[in-house]
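**Q** Mind looking at a prediction? Sequence and model below.
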Amino acid sequence: MRSLTLNLDNFHDIFTLIQHVPNLIYLNIRSEMLDKEFEEYPWNSIGEIKLKEFHLAFKPRRNSGYPPISLTTGLDGLFHAIQIFSSSLITLSLDFSNIYLTNRNSILTNGMELEKKLLKPMQKLQNFYFYVCIFQCKDVQQILSTFATFPWPIGLHGNAHIYSLPFSFHELKDFHHFRDVRSNNDEFLKQNDRLWSKVTSLNLISIDRIDFKHLFPLIKQNMPKLSSIAFHGGFCFHRFSFPDESGDLYDKIERVNKVQLDSITTVCLDHISMKQTEQIPMYSFPNIQCLLLNNTELPLKENQLTSFLGEKLQRIEFDEYSTRKNLQKQNLCYLSNIKHLKLAFGFLYYGKGLDSQPEITRNLLIKLPKLETVSIYVPRNGAYDEYGADPIYRPIMARLNENEIKAQYKIRYSGGAYTWIIKRAISSSSSFEDHYYSEFCISNDENDLH
């Protein structure tokens, strides 16, 4: 075997696997952060492998309330292990964007140290890609100055995301505007029109200070593969103040921004108020199919926004807050054409909210004729973890077992999840095998649903 790609829950598993592939030249690892002290890993067991290409990405810790990981130990030691391959390595890629570095003196945030301690010994290295984030950095300019003589162009935005240029990863986080990007090579930044061409997912912040009329054309030009965009809260939208307040505000937003971002199919709204939701230029996404809601409540009244989303959307995913706020009020005007629905039922609103979950589920299954799949996950939530998913799914199961619904389902238990299989015949004459199925799953772990 010459090439190996791994998605690991435990970083130490790599040492069990890699000893069986001595001829490996390409290794791509996506793993949770180091789960042991650095010294406990058997680094010497990989010393005979002559890698030419090594990609390493640390993913968010599972079931964490906050996706980023605060790194405290082990990272500097990891670089010594990477140097095991220094005599043969041609390409090195390090994606640590899910780790918010708490140590500003880390090798990754100091260009001179990064070159001296990690890259310089790699005499065959031709390609170096990296992406890191710093937690609460107060001196971005000082960090940028350490990359003044760095042999690769780097970019920096916010406080602070640092990455190699051209940007070689798919997700660009905490972004505000292209004009806010700084670099150790200004000419390269200005003249290269392929800097962001690999970006497929963009997270926008500080939206109250963004002029969409200026930003969206740049996104269309610079990110042709963009398929997902997220808006994070704190919206003021002072740039959308109109002298004439008559008519539909959403229609005015449409006229303000006529740029069509045709490639985008997924939009995420994170901590957005109901009023702010109406002010996002959603018409710029004519091919939207999926809407992700985190701590966001959609408007209840029907307007151009509800009509547009009701016609376009095929999938909606709600976090626990959004599930309760939107569905407890029977806000179904967005769901008329929905095929796939993902909900979160948990203990965040223990009591009245918990009691309403069986009825919410029943109404969705009855009132949405085009529904094909409904997935429900139970997020783990600290003090309530000991209860497991039983208090959630047992009342739902009891409610769905009533005669009016029971005949439409087969019930299956697999992999720790109950599945209700909805039997909808394509035609009255089709055989059982010709039926298509919709699956209603309950799981106690969001990751089980992927």
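**A** Looks like it came in fine.
**Q** what's downstream of the longest helix belonging to the chain, the next helix or strand?
**A** The longest helix of the chain (DSSP state H) is helix 352-367. Remark: after helix 352-367, the chain's next helix or strand is strand 373-377, criterion DSSP states H and E.
**Q** elements contacting the helix or strand following that following strand?
**A** Scanning forward in sequence from strand 373-377 by DSSP H and E, the next helix or strand is helix 390-400. On a contact count with 3 or more CB pairs under 8 Å, 6 or more residues apart in numbering; DSSP states H and E, helix 390-400 meets helix 352-367, strand 373-377, strand 417-424, strand 436-443. C-beta: built from backbone N, CA, C; applies to glycine.
**Q** what angle do the longest helix of the chain and helix 390-400 make?
**A** In terms of direction (axes from the mean of the first three to the mean of the last three CA atoms, to 10 degrees), helix 352-367 departs from helix 390-400 by 40 degrees.
**Q** what is the rounded mean pLDDT of helix 352-367?
**A** Averaged over helix 352-367, pLDDT sits at 75.
**Q** now do stretch 107-121
**A** 88.
**Q** again, but for stretch 143-150
**A** 92.
**Q** before we move on, what about stretch 204-211?
**A** The model assigns stretch 204-211 a mean pLDDT of 80.
**Q** Show me which residues of that stretch are buried.
**A** 204-207, 210 (16 or more other CB atoms under 10 Å).
**Q** and what of stretch 7-15?
**A** Per 16+ other CB under 10 Å, stretch 7-15 contains these buried residues: 11, 14.
**Q** Between the two ends of that stretch, how far is it?
**A** For stretch 7-15, the first and last residues are 14 Å from each other (CA to CA, to the nearest Å).
**Q** same deal with stretch 85-96?
**A** Note: stretch 85-96 ends 19 Å apart using CA to CA.
**Q** Likewise for stretch 322-341?
**A** End residues of stretch 322-341 are separated by 13 Å (CA to CA).
**Q** Quick one: mean pLDDT for that stretch?
**A** Per-residue scores along stretch 322-341 average to 79.
**Q** Run through who's touching it.
**A** With CB atoms under 8 Å, 6 or more residues apart in numbering as the test, stretch 322-341 has contacts from 291, 293-298, 300, 302, 306, 309-318, 343-345, 348-349, 353, 356, 360, 363-364, 367-368, 370-375.
**Q** Is residue 292 in a helix, a strand, or coil?
**A** strand (DSSP: H, G, I helix; E, B strand; the rest coil).
**Q** where exactly do the strands run in the stretch 151-300 of the chain?
**A** For the stretch 151-300 of the chain, strands defined by DSSP state E, counting those that start in this stretch occupy the ranges 154-157, 161-164, 171-175, 182-183, 201-204, 228-232, 266-270, 290-294.
**Q** Please identify which of the ones you listed is closest to residue 282.
**A** strand 266-270 (7.2 Å; CB to CB).
**Q** okay, the angle between that closest one and strand 228-232?
**A** Using the same axes, to 10 degrees: strand 266-270 against strand 228-232 is 10 degrees.
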